[in-house]
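Undergrad: Test case, fold it:
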Amino acid sequence: MTNRRTVLLLLLAVALVASSCRSRTDTSEGSVILSVSHFDGLPVHVSLSSTETAPFQVGTITLRNFPKNPASGTSDLQGIELRSYTITYRRRDTGTRVPPAVTNGIFGLVTVSGTLDLLNLPFLTENQLQSPPLSDLRNFGRDTETGTTVVVLDVTYQFFGRTLSGDDIASEPASFTIDVTP
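TA: Modelled structure (predicted):
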């Protein structure tokens, strides 16, 4: 009886692993995948008192359009027209307050099996800087919630578009971490 349970649990684990490997391609709409494949010019530290002013930007973000099944052939109709992107924030320190999310319209075409470089996209705008906890850093030199002079944030981008054939496409979220100081 114990051997049967062990074998059954082992088969169940193998089936679970095998099915999760394809979860991204099986659950997304359409025949292509939009992916953030590269960030260039990422800051690791942002000083709010520096000579830089908002918006703080990422030098280059590269998006790629992968066909889900390249063996079945591709078509120009699998190109993705970008429509918008969102930026969300998550605290990596003990604080709970985060800047408000950003949603902006964007346009561009990521051809099937191709890439598109987006230049100088903002990751912090004046709206985020005027909201806690970043406004606390600017005004008081510290986060009033935690008392610290550094706010550590994960910055997450997600891109949305539609294939030329009409399928809605969303990229997986892609993140980087920054330290924000007064």
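
Undergrad: Okay, now stretch 159-172: how far is its last residue from its first?
TA: 8 Å (Cα to Cα, to the nearest Å).

Undergrad: what's in contact with it?
TA: When contacts are defined by Cβ atoms under 8 Å, 6 or more residues apart in numbering, stretch 159-172 is touched by residues 24, 28-36, 63, 75-86, 106, 110, 157-158. To be clear about C-beta, it is placed using only N, CA and C from the backbone, and glycine gets the same treatment.

Undergrad: chain center to it: distance?
TA: 15 Å (Cα atoms, centre = their mean, to the nearest Å).

Undergrad: Please identify the buried residues of that stretch?
TA: Judged by neighbour count (16 or more other Cβ atoms under 10 Å), stretch 159-172 contains these buried residues: 159, 160, 161, 162, 163, 167, 169, 170, 171.

Undergrad: ok, then the element right after the helix or strand of the chain with the lowest mean pLDDT?
TA: Here the helix or strand of the chain ranked lowest by mean pLDDT, DSSP states H and E is helix 23-27, holding a mean of 44. Next helix or strand after helix 23-27 toward the C-terminus (DSSP states H and E): strand 32-40.

Undergrad: what helices or strands is the following helix or strand past that next one leaning on?
TA: Per DSSP H and E, the first helix or strand lying C-terminal to strand 32-40 is strand 45-47. Strand 45-47 sits against strand 174-181, with contacts defined as 3 or more Cβ pairs under 8 Å, 6 or more residues apart in numbering; DSSP states H and E.

Undergrad: Just the strands from this structure, written as ranges.
TA: Using DSSP state E, the strands of the chain run over residues 32-40, 45-47, 56-67, 80-91, 102-105, 109-110, 115-124, 151-163, 168-170, 174-181.

Undergrad: Of the ones you listed, which is nearest residue 132?
TA: strand 151-163 (9.7 Å; Cβ to Cβ).

Undergrad: Partner strands of the closest one and their direction?
TA: strand 80-91 (antiparallel), strand 168-170 (antiparallel), strand 174-181 (antiparallel) (DSSP bridges).

Undergrad: Reformat these as JSON lines; add distance to residue 41.
TA: JSON lines is the format used below for those (distance: least, Cβ to Cβ, whole Å):
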{"stretch": "strand 80-91", "distance to residue 41": "16"}
{"stretch": "strand 168-170", "distance to residue 41": "24"}
{"stretch": "strand 174-181", "distance to residue 41": "11"}
